[in-house]
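*Asks:* need the 3D shape of this:
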Amino acid sequence: MTGAALFVVRARKSHGTATYNCPTAEWALRKLGDFQAAGHDSISIVGPDGQSLTEAELRAMIDGPGAAAHKADRVTADLKS
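*Replies:* The predicted structure is shown next:
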């Protein structure tokens, strides 16, 4: 039996490395935010396929492919008001 694919979020801490195995992109983004808020260095995110991910790529996975266009439409509408 194989386990579910995980997002792995790692950060270097003063006493070693903290690693979270996150079952979803949302959880990985939350852990990334926790590490950033704590001021940890060298934070990395690895996706289920072993690829390195940026925060923007992780957000795009969560928001979906049409989210950026929809967000731009809202900004344009706000400016017209």
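
*Asks:* so where do the strands sit in the chain?
*Replies:* Using DSSP state E, the strands of the chain run over 7-13, 16-22, 41-46, 52-53.

*Asks:* let's test this: mean pLDDT of the shortest one, rounded?
*Replies:* Read it as strand 52-53. Averaged across strand 52-53, the pLDDT comes to 96.

*Asks:* what of the second one?
*Replies:* For strand 16-22, mean pLDDT rounds to 94.

*Asks:* just give me how far it sits from the chain centre.
*Replies:* Relative to its chain's centre, strand 16-22 lies at 14 Å (CA atoms, centre = their mean, to the nearest Å).

*Asks:* could you say what helices and strands it packs with?
*Replies:* Applying 3 or more CB pairs under 8 Å, 6 or more residues apart in numbering; DSSP states H and E, one finds that strand 16-22 contacts strand 7-13, helix 25-37. (Glycine included, C-beta is placed from N, CA and C.)
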